[in-house]
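[1] Below are the sequence and a predicted model for it; my questions follow.
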Amino acid sequence: MRLIVICGATATGKSDLAVSLAQSLDAEVINADSMQLYKGMDIGTAKITTDERKGIPHHLLDLLDVNQDANVAWYQERARAVVSEIHGRNKDAIIVGGTGLYIKAILDELNFPDTDPVVRAELELEFATKGIGPLFERLEKLDPAAALAIDKANSRRVIRALEVIKITGKPFTANLPREESSRYPFAQQFGLVMDRDTLSERISIRVDRMWEQGLVEEAQTLLQAGIMQGVTAQRALGYAQVIAQIEGKVTQEEAQEETKRATRQYARRQETWFSRDDRITWISPVQNALERILESIN
């Protein structure tokens with residue numbers, strides 16, 4: 001049985017391609033987008049709808065409430081179990097998403113140490129008293145590659161990276177697994193890539209469409225349920241901006257423009273992350289992606 005990965009930056013068309021590929025292969029899809037794990041966060045995460053799935057089973061969607069928090073080890077265990085289940089049904093498995101660390105967690109053997117309560121407490125105290133700025137500046141000096149891949153606004157990941165550096169005495173990225181430690185050496189990875197201007201336009205269209213589809217109403221529902229104040233909500237693209245709009249801190253136009261800007265920045269970080277993996281075969285939108293992948297795997 002095959003294990004196929006479709007990765008790349010946000011808004012490159014990964015989800016639709018995964019469905020088309022699954023139809024061609026009689027395969028099932030595994031979500032590797034960290035925000036799509038959460039119930040109720042549908043529009044803002046561009047979660048594929050039931051109709052868009054076209055009958056293809058999709059796994060690891062809508063598992064957690066927004067006030068819960070996932071971690072890589074938790075995801076790794078569940079994703080690998082799903083791979084085994086799908087292969088046990090004699091079907092191919094397709095991993096699709098843009099969260100690079102989650103994809104790597106499935107394919108490779110992670111080497112992160114356990115949390116050190118003392119180190120973690122020191123870092124969290126510094127964050128509480130001084131903010132994220134000094135912590136992120138330290139990360140930029142100690143591990144520039146990690147600073148490129150991690151959103152400055154994601155305090156949890158910044159703190160975790162500094163914690164790993166403190167515990168191991170090595171850069172955070174030095175603890176990432178190498179190709180030779182792959183759990184699934186037969187896995188084939190394909191990345192969707194497009195020029196910056198095209199991707200920027202696609203992001204703008206997607207963000208505008210989210211507001212048209214009811215992102216404000218979706219966020220209001222979560223707020224009214226009292227579950228939109230957790231860590232997840234604060235780092236989810238679009239939701240923090242739309243909450244600011246709901247609270248009257250910004251206009252709708254300002255919220256949309258800030259979401260577009262933040263999403264473009266996120267796309268660049270995704271590109272940086274995936275560019276380090278030489279196992280990925282890159283496909284541009286001017287090519288027939290489905291045809292290219294089918295030719296490669298058959």
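    Noted; the coordinates are in hand.

[2] any idea how far the residue lying closest to L176 once chain neighbours are set aside is from A147?
    Among residues not flanking L176 along the chain, K104 sits closest, at 6.7 Å (C-beta to C-beta, 6 or more residues apart in numbering). Glycine gets a C-beta too; all of them are placed from N, C-alpha and C. K104 sits 18 Å away from A147, going by C-beta to C-beta, to the nearest Å.

[3] Name the nearest residue to I150, sequence neighbours excluded.
    With sequence-adjacent residues excluded and distances taken as C-beta to C-beta, 6+ apart, I150 is closest to R157, at 4.9 Å.

[4] same thing with A149?
    W273 (4.7 Å).

[5] Now do the same for that neighbour: helix, strand or coil?
    Following DSSP: H, G, I helix; E, B strand; the rest coil, the label given to W273 is helix.

[6] And stretch 108-128, how far out from the chain middle?
    Stretch 108-128 sits 21 Å away from the centroid of its parent chain (C-alpha atoms, centre = their mean, to the nearest Å).

[7] could you give me the average pLDDT of that stretch?
    Mean pLDDT, stretch 108-128: 83.

[8] buried ones in it?
    108, 112, 119-120, 123, 126-127 (16 or more other C-beta atoms under 10 Å).

[9] Any idea how many residues pack against the residue nearest to L176?
    The number of residues packed near K104 is 22, by other C-beta atoms under 10 Å.

[10] for Y38, phi and psi?
    Y38 adopts backbone torsions of phi -100, psi 140, taken as degrees, to the nearest 10.

[11] nope, K91 is what I was after
    phi -120, psi 160.

[12] Test my guess that it contacts M1.
    Yes - taking C-beta atoms under 8 Å as the definition, K91 is a contact partner of M1 at 6.8 Å.

[13] out of these two, which sits in the more crowded spot?
    The neighbour count for K91 versus M1, taken as other C-beta under 10 Å, is higher for K91 (17 against 14).

[14] gap between F172 and A146?
    4 Å.

[15] Tell me which helix or strand the residue lying closest to T251 once chain neighbours are set aside sits in.
    With C-beta to C-beta, 6+ apart as the criterion, T251 has its nearest non-adjacent residue at 7.1 Å, and that residue is Q245. Assigned by DSSP states H and E, Q245 belongs to helix 239-246.

[16] tell me which residues of that helix are tucked away?
    Buried residues in helix 239-246 (16+ other C-beta under 10 Å): 239-243, 245-246.

[17] now do stretch 280-298
    Residues 280, 283, 289, 293 are the ones in stretch 280-298 that count as buried (16+ other C-beta under 10 Å).

[18] now stretch 192-205
    Buried residues in stretch 192-205, counted by 16+ other C-beta under 10 Å: 192-194, 199-200, 202-204.

[19] Among these, which one lies nearest to A73?
    Taking C-beta to C-beta as the measure, A73 sits nearest to L192 out of the buried residues of stretch 192-205, at 27.6 Å.

[20] right, and the closest one touches I283 too?
    Yes - in this structure, L192 is within contact of I283 by C-beta under 8 Å, at 5.9 Å.

[21] Find the residue at the geometric middle of the protein.
    Among the residues of the chain, the one closest to the centroid is T99, at 2.6 Å (C-alpha atoms, centre = their mean).

[22] Hmm, it is touching Q36, no?
    No - T99 lies out of contact with Q36 (C-beta under 8 Å); the separation is 9.0 Å.

[23] Name the next helix or strand following whichever strand or helix holds I106 along the chain.
    Secondary structure here is read from DSSP H and E; on that basis I106 sits in helix 100-107. Next along the chain after helix 100-107, taking DSSP H and E as the criterion, comes helix 117-130.

[24] how far away is R183 from L21?
    22 Å.

[25] ah, wrong one, I meant R202
    Computed as C-beta to C-beta, the R202 to L21 distance reads 20 Å.

[26] With A93 instead?
    To L21, A93 is 11 Å away according to C-beta to C-beta.

[27] Quick check: neighbours shared by those two?
    Common contact partners of A93 and L21 (C-beta atoms under 8 Å, 6 or more residues apart in numbering): 4, 27.

[28] So between the two, which is more surrounded?
    Counted by other C-beta under 10 Å, A93 and L21 do not tie: A93 has more neighbours, with 27 against 23.

[29] thought that one was touching I86?
    Yes - using C-beta under 8 Å, A93 is in contact with I86, at 4.3 Å.
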